[in-house]
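Participant: What would the 3D arrangement of this be:
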Amino acid sequence: MTGLRYVYAVCRPLGAPLQAQLTGVAGAPAKPLAHHGLVAVVSEVPERDFSEEALRARLEDLDWLAATARAHQGVIDALTVVTTPLPLRLATVFRDDSGVRAMIESREEHFRRALERLQGRVEWGVKVYLEPERREEAAVSAPAGRPASGRDYLRRRRQETRAHEDQWERAETFATRLHARLSAFAEESRLHAPQNPALSGAAGRNVLNAAYLVPRTHSEEFVELVDRTKDDAPGLRVELTGPWAAYSFAGESAEGDPGEGTAENPGEGTAGNPGEGAERDAGESGGGGVGEGAAGPRAATAPPSPRGERA
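Facilitator: Down below sits the predicted model:
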């Protein structure tokens, strides 16, 4: 390899070879790089597009981000079929193989601990939306005709406001109960910030945006549990996505916040929330950078989640 090293994930030695035609970011093939009993899955990418300066510009290009995130996610999905990967942040780049090896050594204990905890487990994403028509229902059912007076107008407005508040309160109550029920089934759960509809393109107001870590062998039961709730609350939409690599659980959040990488120190390189909207997640984060090889590996400080929903 003569270009820069784009790193997708760290995993244990693969029990089966990667797909022969598996391509990743920039159309480059994904290859395993073994070191200290761990494997980093990498591609060679051109420096003109992934140098620190180039990334700063590229991270402002939403179309480029979306394409890069989809390619990144494609490699993670392929890895999830044959192993339990620990996904790294979108646009984690190093100067050469020595930089990748140094990154593995610097985070070896964390990688081994996280891989042990996530072995045989997958992430499921659950979102609850208040449907747009429900938010407008009160207005539709309001008394017809023009208000008879200013007082009548204010009364109608108060009625509409109360109706909207009641609908939102019911939605929050449903979402809270659902999250508690799913969390009791899952081994771990994470609450993420509601999605911005302008970036996600999803219809309705996002009430719940959560991820659940579930043993792969129990995934069918988890899906059935979610499906049984979908008709419990008229006017609400429940969306289930997955199974994904465990993006939301790849860090050490139980002990402290995972690092993001800096210009001086390699970050943990773990992904942020699951891949449900690569365009959204990438567009809301900044960063970018390139490592310097064995002399001082520097992971990119990059958008946290390449999942394209995934989440």
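Participant: For the protein, which residues score under the pLDDT cut-off?
Facilitator: Low-confidence segments of the chain, defined by pLDDT under 70: 1, 133-153, 155-157, 159-161, 163-165, 252-311.
Participant: Would you state the helices of it in chain order?
Facilitator: 47-50, 52-58, 62-82, 97-106, 108-118, 132-141, 150-185, 197-200, 219-227, 278-283 (DSSP state H).
Participant: In CSV: those, plus distance to K31 and mean neighbour count.
Facilitator: C-beta: built from backbone N, CA, C; applies to glycine. Formatted as CSV, these follow (distance: least, Cβ to Cβ, whole Å; neighbours: other Cβ atoms under 10 Å):
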stretch, distance to K31, mean neighbour count
helix 47-50, 16, 17
helix 52-58, 22, 15
helix 62-82, 10, 20
helix 97-106, 10, 21
helix 108-118, 18, 17
helix 132-141, 46, 14
helix 150-185, 37, 14
helix 197-200, 33, 14
helix 219-227, 29, 14
helix 278-283, 23, 25
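Participant: out of those, which comes closest to T23?
Facilitator: helix 62-82 (7.4 Å; Cβ to Cβ).
Participant: helices or strands next to the closest one in the packing?
Facilitator: Contacts defined by 3 or more Cβ pairs under 8 Å, 6 or more residues apart in numbering; DSSP states H and E place helix 62-82 against strand 4-11, strand 38-45, helix 52-58, strand 236-244, helix 278-283.
Participant: Restrict the longest one to CA atoms and write it as PDB.
Facilitator: As requested, C-alpha coordinates have been extracted for strand 236-244 and formatted as PDB (Å, rounded to 0.1, in the frame of the first residue of the first chain):
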ATOM      1  CA  LEU A 236     -47.600   7.000  16.800                       C
ATOM      2  CA  ARG A 237     -45.200   5.200  14.400                       C
ATOM      3  CA  VAL A 238     -42.700   2.700  15.800                       C
ATOM      4  CA  GLU A 239     -39.700   2.000  13.600                       C
ATOM      5  CA  LEU A 240     -37.300  -0.900  14.200                       C
ATOM      6  CA  THR A 241     -33.900  -1.100  12.400                       C
ATOM      7  CA  GLY A 242     -31.100  -3.600  12.600                       C
ATOM      8  CA  PRO A 243     -29.400  -5.700  13.400                       C
ATOM      9  CA  TRP A 244     -26.300  -3.500  13.300                       C
END
